[in-house]
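A.B. asks: Below: sequence and its predicted model.
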2 protein chains.
Amino acid sequence: MESKDLDDRIISTGKNFFSCIQGEKPTLFNKNRWVGKVMDWCMRNEDFRLQLFRFVDVFPCLRTNEMLTSHIREYFSGENHDIPAVLKWGAQSSGLAGAIGATILNKVIKTNIEEMARQFIVGEQTRDALKNIGKLRDQGFAFVVDVLGEATVSEQEADTYVATYLELLQALQQAQGDWRPLGNGASGPDWGHAPKINVSVKPSAFYSQTKPQNFEGSVATITARISQVYERVIALGGFLCIDMESSKYKDITLEVFRRLRLRYRDYPHLGVVLQAYLTATDKDLDELLAWAQAQKLPISIRLVKGAYWDYETVLARQNGWPSPVYTVKAQSDAAFERHAATILQHHAFCHLACGSHNIRSIAATMEIARQLGVPEERYEFQVLYGMAEPVRKGLLEVAGRIRLYCPYGEMIPGMAYLVRRLLENTANESFLRQSFAEETEIARLLEDPQRTAERQASAQPLNASEQPPLPVFCNEPAVDFTVAAQRQAFADAIARVRSRLGQTYPLFIDGKEVKTEELLPSTNPADPAQLVGEVCLAGVKELEQAIAAAKRAFPAWRDTPAEQRADYLFKAAEAARARVFDLAAWQVLEIGKQWDQAYADVTEAIDFLDYYAREMIRLGGAKKLGSAPGEENRYSYEPRGVAAVISPWNFPLAISCGMAAAAIVAGNSVVFKPSGLTPVIGHQLVELFTAAGLPAGVFNYLPGRGSEIGDPLVEHAEVSLIAFTGSMEVGLRIVEKAARVQPGQRHVKRVIAEMGGKNAIIIDDDADLDEAVPHVLYSAFGFQGQKCSACSRVIVVDAVYDHFVERLVEAAKSLKIGPAEDPANYMGPVADAAAQEKILEYIELAGREGKILYRSRVPNTGFYVPLTIVANILPEHRIAQEEVFGPLLAVMRAEDFNQALEWANGTRFALTGALFSRSPAHLEQARREFRVGNLYLNRNCVGALVERQPFGGAAMSGLGTKAGGPDYLLHFMDPRTVTENTMRRGFAPEDA
Amino acid sequence: MESKDLDDRIISTGKNFFSCIQGEKPTLFNKNRWVGKVMDWCMRNEDFRLQLFRFVDVFPCLRTNEMLTSHIREYFSGENHDIPAVLKWGAQSSGLAGAIGATILNKVIKTNIEEMARQFIVGEQTRDALKNIGKLRDQGFAFVVDVLGEATVSEQEADTYVATYLELLQALQQAQGDWRPLGNGASGPDWGHAPKINVSVKPSAFYSQTKPQNFEGSVATITARISQVYERVIALGGFLCIDMESSKYKDITLEVFRRLRLRYRDYPHLGVVLQAYLTATDKDLDELLAWAQAQKLPISIRLVKGAYWDYETVLARQNGWPSPVYTVKAQSDAAFERHAATILQHHAFCHLACGSHNIRSIAATMEIARQLGVPEERYEFQVLYGMAEPVRKGLLEVAGRIRLYCPYGEMIPGMAYLVRRLLENTANESFLRQSFAEETEIARLLEDPQRTAERQASAQPLNASEQPPLPVFCNEPAVDFTVAAQRQAFADAIARVRSRLGQTYPLFIDGKEVKTEELLPSTNPADPAQLVGEVCLAGVKELEQAIAAAKRAFPAWRDTPAEQRADYLFKAAEAARARVFDLAAWQVLEIGKQWDQAYADVTEAIDFLDYYAREMIRLGGAKKLGSAPGEENRYSYEPRGVAAVISPWNFPLAISCGMAAAAIVAGNSVVFKPSGLTPVIGHQLVELFTAAGLPAGVFNYLPGRGSEIGDPLVEHAEVSLIAFTGSMEVGLRIVEKAARVQPGQRHVKRVIAEMGGKNAIIIDDDADLDEAVPHVLYSAFGFQGQKCSACSRVIVVDAVYDHFVERLVEAAKSLKIGPAEDPANYMGPVADAAAQEKILEYIELAGREGKILYRSRVPNTGFYVPLTIVANILPEHRIAQEEVFGPLLAVMRAEDFNQALEWANGTRFALTGALFSRSPAHLEQARREFRVGNLYLNRNCVGALVERQPFGGAAMSGLGTKAGGPDYLLHFMDPRTVTENTMRRGFAPEDA
C-alpha cells in the first residue's frame, strides 16, 4: 500500500466527515447546558476537575440531604464557603443563602448530575433500557449492551452478574421480535449479517478470585460461568463480546476467549477486544490471528484505544514495572491504524469493530478497508452511547454500519463508568475535547499519528543530564504475575527449594560456621511432617563467643568509611536480587506465606539494604553547623557497638534484614537471633552477607531458644543496642531488662522495638465499598492476619453497615484456604501449633463476646484456623482490645464517624489504621486525629513500602522508630559534635 | 584646611617617596631568598599560607628531629607525601629521599625559618639585642624595645615580666653611654628632644587576671606593677609607651595610662597607642585630648592602624557583638589620617608617633603637619624592625626622625609575633604587599582612602534581598563587659535582686498559683544565712493535680499549629531578653555563678527558646515521601503527651528552659520539677511562659522533694516522656523505673537523659601552652567545676608535662576565690553543704591516691572547697574514674599521645573532651578516636552553644541526645506516616 496516497485519502475522507457534521457539538460540550458549562470549567481548572470528578464518583452514595450538603461544601468550598457559580448555574441565585439555599442548591446539582449520568446510561431499569434501545434502532443505530455493576467481590456477586445477563437476554429476546432489521432487508439480521442482540461482558466480574498467579484456575472458572451466558446468547442467535479490562486480566481474557471459541466452535458470533494503547497488542494480535487461522475459526475483534491509561500508568510506576501502555497519545493512535490494517488484511476470518470517536482513526479504517477491498460486512463502527453525537451522526451518514455501546444499570456502579468517560473526554489529549471544545485546526486533528508522535518526540528537549553519583532510591519492583515467565519462575523456585529441604544449618560466628549438638527442626506449617531444615542451637557458650566476636570486629568496622559500609549492603542487595524467587519460595514452605507476599518480603529486604545504604551515605558526612568564623563545628554520628537483633517469623527475611542492615551500615556489629520458626530463612542473611564479603564478626547468626539465650543476650554488658520486632509482651520485657545496668556495662542500652497492633479500618458512610471490601479482606486475612499491621477491627458507620457487612462476609466466603504453595489459595496455615491453639481460643472467645458471622472450613492437615468474622463487638470486649495475630476480624457498628474514630483510637496500640471515606472533611480529620503510626486513606493498612511509608507505631506498639524512614538510622548511632577552634595567633581561615 | 590642595600635596610627597626608594624591596618579598619565595607562594595559595603560618607557629615547639619531620609531613604533604618544592628551595634536591632526605629537609626548613624570625626580632639574648640596636643607631634609627613573652597566665609570670623589663632597662642604661645622639647634637637626647631609651610594654602582661568585669581591680593591679618599670624608666630618663592590645583591654589600658600619667605628672615621657581601625577611636582620642588639656599634662600618642583585625572580627562574630573595627581597610586608612590630623592640631601638648608603613599615611601625616606648621620635634615616625626596609630608608631620607619598633626575646613567644607580621603583610589588602609584591599602580596606592572607601562601597552590589519570613537562628550575644554600661547594668541588677530576696513562690498548676504549707528555703551558697527565697513544696496530691492539668491541656495544645506553638517560645525569649541582667543576677546569688557565666546561662535559655521554636517550624510541616503517582505519603511528627522535666541546679535556667521548651514546642504538656537548690530560678520559667501567654496547664511548676515526688512522677502512668539532666545515679534510676510499665499506662515511656562526665583535656607535646593553661583552668574551675562538661582530668604528654604543670599550678595560684558577686573572684562556693562534704572527701582521697600540687585557701563562711590540683593520678585511681563535680583537677602524665587518648577514653563516661595540639595528624586522630559527645580542639571543653555545638554524650553520660542540635526535638515526638491512595476510578491527580 502506498502510504502517501493512503494518507492523502484518509485526510480527504476526514475532511468530508468534518464538513458533514459542521456546527454540531456533543451534548457534553454544549455550553448552553449545565453539563457543558461544568465541563468547560473542568477543562480550564485542573483542581476543580479533580474535585468534580471525585464528587460525581461519591454522589450516588449521598443518600440524605445532609450528606449531599456537607459533601458539596467539602468538595467545592474554599475558606469562605463560596460554591463556584458554575455549580449553581440554572438555579435562582437569589434564594441560595442559608438552609433553604442549600436545599435548592442540592436539588440543582442533584438534578444536573443525574441528567448527566442519564446522558451516558441507556437505562437504569430494563424497561427504560429497552425503550431507549428501540429508539436508537429506529434512528438506524445497532447496539451492544453492557451491564454496569459493582465490582465483583464475592462468588455470590459473580452469580448475580450471570443472572443479570440471563434476565437481560430474556428481555432482549422478547423485544427482538418487534425490531426491524437495520439496513435494507425487511427481516433477518441487521445489515443482512449481524445479530440484532449484541452484549458485552466483563470477564473479571465472573469470578471474584481472579488473579494472574492462579492463571489456570481463573481462566477455568470464568470460562465456566461465561458459558452460561454464551449458551443463552447462542440460543437466541445473538453476539457476545468479551470486554477487555485492565492489563492485569488481559492474558486471562484472551485465553477465556480462545477456550470459549473452541468450545462453541460452530457458532461464529463471539468477539474480543484489543486495546491499541498496549504495547503488547502487536504481538497479541499476531498470535490471535495465527491461532484462528490454524484453528480455522472465524473470530471478531473490537479494536479500541483503551480506557485505563491513567490507572495502568500509575500502577506500573507504583510497582516499578515498565509501562504497559504507550506514554504518548499519538503512539496509541498510530498503533490503532496499524492494528486496524492488520485485522482488515485478515478480514477473511476476522471481523473488525472499529471502536473510536477519533475521526482520523475512523477515516483511516475506512480508507484502509477500501484500499484492501474489504467487503462491508467484514467491518463495522462502534461509538459510546451518549458521548459523541456528531460522530455517530456522521458515521451513520458515511458508513451506515454503526453500533452504540450502551451501558445499562444502576446509578451507583454507573458513576464509575461516568467518571471514566468524563475523564477521557476532558483530558488534554482527548480527540473529542480537541475537536469539539477547543476547535483545534482540522489538519492537525487529521495528521498521521505516526508523524505526530515523531514530531512530539523530536520536540522533546534532549535530556543531557549528568548522572548523579548514586541514583535515587527506588523500591525493588513488585512481582508481576501477569508475566507468564514470572509465574513459571516462582513455580520452578518452589520445586528447587523442595529439592533442598531437610538440610542442617550451622551457627555463624566470627565469619566461621559453628556446629552444635542440639538441633532445632523447622517444618512446613501446611504439612508439619515435612522438615524444611534443621539449625544448630546456640547456648550461652556460643552466645558469649558471638558477642566476643562482634566486640572484636567492632572497632575496625566502626572505622570503615560509611561509603564502604554502604557498599556491602549494595552487594548484599545484589545477591538477593539474583535469587529473589528462591528466597521467596523458602517463605512459602517454611512459614506458609502466599506467593505475592513472599516475593514482597524479599523485595522489602532488598529495599532495606538499598535504602539504609543510601541513608548512611547521606548521614555519613559530617554536617557543618553554625557560621561564625574561627571555629569549625562538625556534627556526625557514630555507632554504639554490639547490637542484638531479635527478629520475628512473620516477615522472616525483610524485618531481620532491615534491622541487621541498619545496625551494620551504621557501623555496629550484630548478633542476630532469628525466630525459631523461621531459622532457615534467617540463615539466608548469612548467605547474603557472606556473598557481599562482609568482614568476619560483623554479622553473627545465632539461633537459640529464647528461654535460654534471650535474656542473657539482652542483659549482656557488652550489648549496647537491641533491635527487636515482635510481641508487646516480649518487647516490654526487653525494654525493662535492658534498662537495668549490668556490672561492667559501659553504655546505657538503646532499645528499638516494634511491637503489636490492634489495627482498625473505618468504613465511612460514603466509602467506595468496591474498594473497601477487598482491601479489608486483604488487610485482615492476608498471610492469615499474621502481620503486626493487619486489620483486626473493622469499624463500620451505621448507615452502610448492613450493605458493607453483607458484601464482606460473602466475599470472605469466596476465599479459598489451603497451602500457600497453591496460588489459588487466599489464606494458608498459621505459624505453628501454639499460634493455632491461641487463635482458636480467641475465636471461641469471639463467639462468646459477639456473633460469629463467618467461620470458614479448613484443611485437616496443617496448622489451620478458620477465617473468622465476628460482629457485635464493642470497645470493651477483649476481642476489641487484645492482639490475636490471626485471621479473626471483629466487626463493630459505630453510630457515626466520630464514634468510629474514637473506637479506632481506643486501644493501647497505635500502629496502623485505615479509613475508607470520600468525605474530604473526614479524611482531613483522620489525618489529624486517627492516632496511629501508619494511617492509610482509602487503601489497605498493610504492606508499607520502604521510603514511601516509613513503618512503625507509638503508644504500646513501639518506641516511635520508623523502619524504612529518614530517622531510622539515627537510632543506631550516637551524635557527636567536634568543635575546632581554627583561630591561631588571631588568624582564622576564611572558610573553616 | 583645603582638602583638595592637601590631597594633591600628599600625593606629590608620596610620589617623591616612591621615586626615592625605587627598585628597593623588603627582604620579605625578595624572591631571591627563601623567605621571599615562600611568601610569594603564600600570596598565591591561601591553603599553603594557612598551613605555613600554622607550621611557623608551632615550629619553635618542635624540639626533636622526629617532631620536626612529622609536622613538616603533616602540614605540607598531600596524599602522595609530596612536600612543595618551594619549601625545599635551596636544598640539594637530589638527596631528599628517605631518612637522610628528611634530615636535610628539616635542616633547610629550620634554618630558613629561624633566619626569617631573626629578620623581625632584634635579638634573642640581651647581648645580641644591644648589638643590633647599636648598629641601628649607627644607621640613624632610634628604637623602641618590646619584650616578647609568653602570655601571662599567672602572677608569677607577671612578676617575671616586670623583672625582665627591669633587667633590660639596666642593660640599656649601661649601653646608653656609648650612644651618640641622633640628629645634630653631640650629646643629649636624640634629635635634641627624644630620650634614647624607649620601651614599650603590654599592659595585660602585668596582671594575669585582667578582665573587664573587674575593671577597677585590673587597672589598679596593672598600674601598680607597671609603675615599677616606669620608675626605672624615669630614673634613667627614658620613654615608656603602653602598647594597645586587643580591644578587650582598651579601656583598661587607657585608664592605666591616665593613672600613671597623673601619678608621675611631672615626667612627660609617657606614651600610649591608639588604633585607627577601631571605630571607637574618634571618641577615645577626643576624650584623651580633652583630659590632657584639662589636666594640663603633655602626652604622647603612637597612632597605628591596629594588628588584631582578624581576631577582633572573629571574636565579635562569635559573640554576636557589633564589629569594633572598620570592616573596610580604606576606612581604617582614612581614620588614620583623620586621627593624625586631630593629634597634630593639638601638638602643643600631644606628641605624635606615626606608626605606619603605608606611604600614603606617612605622606599625609607629613603634609598635614606641614600645613598646620607643627614643629618637627612634635612628631616622629615609627616602623617595625626588619619589615619594611625601603620605607624606613625613605623615611630616614625624607623625615629624619624615625624609630624602629624592636621586639626582643626568645623564639617561642617570638613566633606569635612573627606570624602576626607575616599575616599582616601577606593579606590581600596589605599596603606592603600591594606596594612591593604586586606593584599596584602608585596612583591607586596614594589615593585618598576616604575616596577609596566610597568607591568600594558604591561598587558593592545593592543587596535587594527579600527578607525571609523568619531570620536564621543566631545565638543571643554574649555579655560584653568591656562596655561600661553592661558592667553597670549587672551591678545594678544584683542590687535590684538583693532588694527582692526572701519572697515566697507558690506552685503553678493549670495556669493558677497553688500554695502549700510546707516551704523549702533557698539560700545563697556564699552566705548560707541569706535567704534567697522560699518555694512551696508539692506533695503527691499536687503531683496528681499537675499531671491531671497537663493531661487536660494536652489535646488542645497538641492540635495547636506548630507555628503558633513556636510563637509562644519566641515571646518567652523576648521576655527573657528584656530582663536578662536580672535573670543572671539571681544566679549569682542563688547558686554562686560568676557574672559572665550567669549571663551565659540566661542567653543559652534564650537560645533554646529561639532555636527550638525554629526547629519546630522546620519539622512541623509534613514531609512528602516517595514519587509514585496515585499515592500521597506524608511524614510528620506528633507529640507524646505529658512530659516530666526534671532539671539540675547547675544551669538552673538554661537546662530547665531548654528541656521544657523542647517538650512544649513539640506539643507536649509539661510538669516541671526544678532542682531544690535553685527553685527560685526555676520559678522564672513560670514568669517567662506566663509573659508569653502560654495556655493554662501546658507548663506546670512543681518543686518538691525528690524523695517524695521523684519516683511517683517518673512512674506515673500518664507520663509518657521524661527529660532529665543530672547525675548518672539518678539518671539510671529514672531509666530503669521508666522502663517498667505501670497499670493503665498507654505509652512506652521515652527518657531523654543527660548525665555525668569525667572529662579529659589532653595536652599534646606541641600544644600552645599560652592557650592551654587558661582554657584548662576555665574548664576545670569555672563555676567551681560544677558542670557536667567540666574538665576533671588533664592528661599531659610527658614531653611538656613539667613546663605545662608548672605554669598551670602557678596560674591556679593566681586565681581569686570568693563570692561570685565580686567579679574579681574566679571561683566561688559550691552548691550546698552536701556537695561541699562530698568534694572534700574526694580531695582527701586525691591526697591518698596522688600528690596534691595545689590546694587553695578558701573563705570561712559559705560552702567553699579548695581549688585543688592533684598529680600522679593513674587511670585505675578512683579520682580518674568517678565524677567529683567540684574544683578538683587530676593531672595525669602520659607517655605519648596514644596513651593519652587511651586514658581519655578509659572511663564509663563519654561527654566532653578537649585536645590542645598543633599536629594535624593528632587532631585528625582525635576527631576519629576521642570518643566523647562533644570534642573540642584547641579550646576549652565547656560552654557549648546552642545550634553550633549540640550538646550531650553517650556511654554512661547520656542517651545520645543532643540538646540544642538538629535531632533534639525528634526525641520529644513520634513520627507518623499518612498515606492516601489518591487514585479513584483509575484517575490520580498529577501532583498528589
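C.D. replies: Arrived safely, thanks for sending.

A.B. asks: Now A:Asn112. Nearest residue, chain neighbours left out?
C.D. replies: A:Trp34 (4.3 Å; Cβ to Cβ, 6 or more residues apart in numbering or on different chains). Using the backbone N, CA and C atoms, a C-beta is placed for each residue, glycine as well.

A.B. asks: and A:Thr160, what does it touch?
C.D. replies: A:Gly149 (Cβ atoms under 8 Å, 6 or more residues apart in numbering or on different chains).

A.B. asks: what about it, distance to A:Tyr230?
C.D. replies: Look at A:Thr160 and A:Tyr230: by Cβ to Cβ, to the nearest Å, they are 18 Å apart.

A.B. asks: Other residues contacting the least confident helix or strand in chain A by mean pLDDT?
C.D. replies: When the helices and strands of chain A are scored by mean pLDDT, DSSP states H and E, helix A:85-88 comes last with a mean of 74. Defining contact as Cβ under 8 Å, 6+ apart, one finds that helix A:85-88 is touched by A:37-38, A:41, A:72, A:76, A:93, A:96, A:105, A:108-109.

A.B. asks: Show me what whatever helix or strand comes next after that helix is packed against.
C.D. replies: Next helix or strand after helix A:85-88 toward the C-terminus (DSSP states H and E): helix A:98-120. The contact analysis (3 or more Cβ pairs under 8 Å, 6 or more residues apart in numbering or on different chains; DSSP states H and E) places helix A:98-120 against helix A:34-44, helix A:65-76, helix A:85-88, helix A:411-426.

A.B. asks: which of the residues in helix A:98-120 are buried?
C.D. replies: Judged by neighbour count using 16 or more other Cβ atoms under 10 Å in any protein chain shown, the buried positions of helix A:98-120 are A:101-102, A:104-106, A:108-109, A:112-113, A:116-120.

A.B. asks: Only C-alpha atoms, please: export that helix in PDB.
C.D. replies: The C-alpha trace of helix A:98-120 is given here as PDB (Å, rounded to 0.1, in the frame of the first residue of the first chain):
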ATOM      1  CA  GLY A  98     -28.900  29.500  54.400                       C
ATOM      2  CA  ALA A  99     -30.700  26.200  54.700                       C
ATOM      3  CA  ILE A 100     -33.300  26.800  52.000                       C
ATOM      4  CA  GLY A 101     -30.500  27.900  49.700                       C
ATOM      5  CA  ALA A 102     -28.700  24.600  50.500                       C
ATOM      6  CA  THR A 103     -31.800  22.700  49.600                       C
ATOM      7  CA  ILE A 104     -32.200  24.400  46.300                       C
ATOM      8  CA  LEU A 105     -28.500  24.000  45.600                       C
ATOM      9  CA  ASN A 106     -28.700  20.400  46.400                       C
ATOM     10  CA  LYS A 107     -31.600  20.000  44.100                       C
ATOM     11  CA  VAL A 108     -30.000  21.800  41.200                       C
ATOM     12  CA  ILE A 109     -26.800  19.800  41.500                       C
ATOM     13  CA  LYS A 110     -28.500  16.500  42.000                       C
ATOM     14  CA  THR A 111     -30.800  17.000  39.000                       C
ATOM     15  CA  ASN A 112     -28.000  18.100  36.800                       C
ATOM     16  CA  ILE A 113     -25.700  15.200  37.700                       C
ATOM     17  CA  GLU A 114     -28.400  12.700  37.300                       C
ATOM     18  CA  GLU A 115     -29.200  14.200  33.900                       C
ATOM     19  CA  MET A 116     -25.600  14.000  33.000                       C
ATOM     20  CA  ALA A 117     -25.500  10.300  34.100                       C
ATOM     21  CA  ARG A 118     -28.600   9.500  32.100                       C
ATOM     22  CA  GLN A 119     -26.800  11.000  29.100                       C
ATOM     23  CA  PHE A 120     -24.400   8.100  29.100                       C
END
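
A.B. asks: That helix relative to helix A:34-44, how many degrees between them?
C.D. replies: 90 degrees (axes from the mean of the first three to the mean of the last three Cα atoms, to 10 degrees).

A.B. asks: now what about the helix or strand following helix A:98-120, what contacts it?
C.D. replies: Counting by DSSP H and E, the next helix or strand C-terminal to helix A:98-120 is helix A:126-139. For helix A:126-139, contacts defined as Cβ under 8 Å, 6+ apart pick out A:122-123, A:143, A:145, A:167-168, A:171-172, A:175, A:178-180, A:182, A:385, A:396, A:404, A:406, A:408.

A.B. asks: what's the helix or strand for the residue nearest the centre of chain A?
C.D. replies: What sits nearest the mean C-alpha location of chain A, by Cα atoms, centre = their mean, is A:Leu315, with 6.6 Å. Using DSSP H and E, A:Leu315 sits within helix A:309-319.

A.B. asks: now the angle from that helix to helix A:411-426?
C.D. replies: Using the same axes, to 10 degrees: helix A:309-319 against helix A:411-426 is 90 degrees.

A.B. asks: Residues in contact with helix A:309-319: which ones?
C.D. replies: Identification of contacts with helix A:309-319 by Cβ under 8 Å, 6+ apart yields A:246-247, A:277, A:306, A:321-325, A:327, A:423, A:477-478, A:480, B:628-631, B:983, B:986-988.

A.B. asks: Separate out the buried members of the residues you listed.
C.D. replies: Using 16+ other Cβ under 10 Å, the buried ones in the contacts of helix A:309-319 are A:246-247, A:277, A:306, A:321, A:324-325, A:423, A:478, A:480, B:628-631, B:983, B:986-988.

A.B. asks: which ones among these are found in helices?
C.D. replies: Applying DSSP state H to the buried ones among the contacts of helix A:309-319, the entries found in helices are A:Leu423.

A.B. asks: circling back: among the helices and strands packed on helix A:98-120, show the one with the smallest mean pLDDT.
C.D. replies: Of all the helices and strands packed on helix A:98-120, the minimum mean pLDDT falls on helix A:85-88 (a mean of 74).

A.B. asks: List the buried residues in it.
C.D. replies: A:86-88.

A.B. asks: Report the backbone C-alpha coordinates of it in CSV.
C.D. replies: The C-alpha trace of helix A:85-88 is given here as CSV (Å, rounded to 0.1, in the frame of the first residue of the first chain):
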residue,chain,number,x,y,z
ALA,A,85,-21.1,29.9,40.4
VAL,A,86,-20.9,27.3,37.7
LEU,A,87,-22.4,24.7,40.0
LYS,A,88,-25.3,27.0,40.9
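
A.B. asks: one step back: ok, of the contacts of helix A:85-88, which come out buried?
C.D. replies: For the contacts of helix A:85-88, a burial check counting by 16+ other Cβ under 10 Å picks out A:37-38, A:41, A:72, A:76, A:96, A:105, A:108-109.

A.B. asks: A:Leu260 contacts A:Arg225, doesn't it?
C.D. replies: No - between A:Leu260 and A:Arg225 there is no contact, the gap being 10.9 Å when judged by Cβ atoms under 8 Å.

A.B. asks: what angle do whichever strand or helix holds A:Arg338 and helix A:309-319 make?
C.D. replies: According to DSSP H and E, A:Arg338 maps onto helix A:329-345. Calculated by the same axes, to 10 degrees, helix A:329-345 forms an angle of 110 degrees with helix A:309-319.

A.B. asks: Would you mark the buried spots in the helix or strand following helix A:329-345?
C.D. replies: Remark: after helix A:329-345, the chain's next helix or strand is strand A:350-355, criterion DSSP H and E. The neighbour-count check on strand A:350-355 (16+ other Cβ under 10 Å) flags A:350-355 as buried.

A.B. asks: Nearest residue to whichever residue of the stretch 801-950 of chain A sits closest to chain B in space, ignoring adjacent ones along the chain?
C.D. replies: The stretch 801-950 of chain A approaches chain B most closely through A:Arg948 (3.5 Å), counting by Cβ to the nearest Cβ. Excluding its sequence neighbours, the residue lying closest to A:Arg948 (Cβ to Cβ, 6+ apart) is B:Gly626, at 3.5 Å.
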